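**Student:** Whatever this is, show me its structure:
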Amino acid sequence: MNQYLAIAEDVKLGENVKLARFINLYGCTIGDNTKIGTFVEVQKNATIGKNCKISSHTFICEGVTIEDNVFVGHGVIFINDTYPRATTPSGELQTEQDWKVEPIVVKKGASVGSGATILSNVTIGENAIIGAGSVVTKDVPPNVIVAGNPAKFVRNITMKYKNRSPLRVGESDRPYLSEVEGAMGGLNE
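**Tutor:** Take a look at the predicted model:
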């Protein structure tokens, strides 16, 4: 470890975890061979599986579970409270006893594009792809691409691409704006 890392003693690190400088980890678990980028914070009771890549400037809050082989782009934000408040009804600052953590699960092999925001009580399905800048407000089925604010169904991921690494998405697998605008059966309709 070096002087640019803030890692609490209660962090459980797997084998061969790669940590960039200027990260903040406490009370979390990180699986084998996972790579954590610069300026990432992972809070207590968050779990990151094996072989994941968490890109720089990402915030992973309490209650987030990221399974194995997941890619998280730059600046992704997870939110674990539907109605956040600074104070109680009596005007005192809230403590941990005044609210309940709402979980988020990112299933195996999923990819979350840079700048995405994932709201609480959401499950992102296995191998799903979240477009950059999307706001995910509802569960995402496995093997689909969603994009936009709020994120909407773009299309299914074909068998041709299911067995590829989620990190190697080809040009033909990238959603186009017309696909997003014309998507039928969207998640939020």
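**Student:** Tell me where the chain has helices.
**Tutor:** For the chain, applying DSSP state H gives helices covering 159-162, 177-181.
**Student:** worst average pLDDT in those?
**Tutor:** Within the helices of the chain, confidence is poorest for helix 177-181, with a mean of 44 (mean pLDDT).
**Student:** quick one: low-confidence parts of the protein?
**Tutor:** 1-2, 159-189 (pLDDT under 70).
**Student:** try it again with 50
**Tutor:** 166-189 (pLDDT under 50).
**Student:** Next, find the distance separating the closest residue to Pro84 other than its chain neighbours from Asp81.
**Tutor:** Spatially, and ignoring its direct neighbours in sequence, Pro84 is nearest to Trp99 (7.7 Å; Cβ to Cβ, 6 or more residues apart in numbering). (C-beta placed from N, C-alpha, C; glycine too.) Distance, Trp99 to Asp81, using Cβ to Cβ, to the nearest Å: 6 Å.
**Student:** hang on, the earlier thing: since we're on the residue nearest to Pro84, how many residues are nearby?
**Tutor:** Using other Cβ atoms under 10 Å, Trp99 is surrounded by 15 other residues.
**Student:** count of residues packed around Gly125?
**Tutor:** 18.
**Student:** these two touch, right, it and Ser111?
**Tutor:** No: checked against Cβ atoms under 8 Å, the pair Gly125 and Ser111 is beyond contact range at 11.5 Å.
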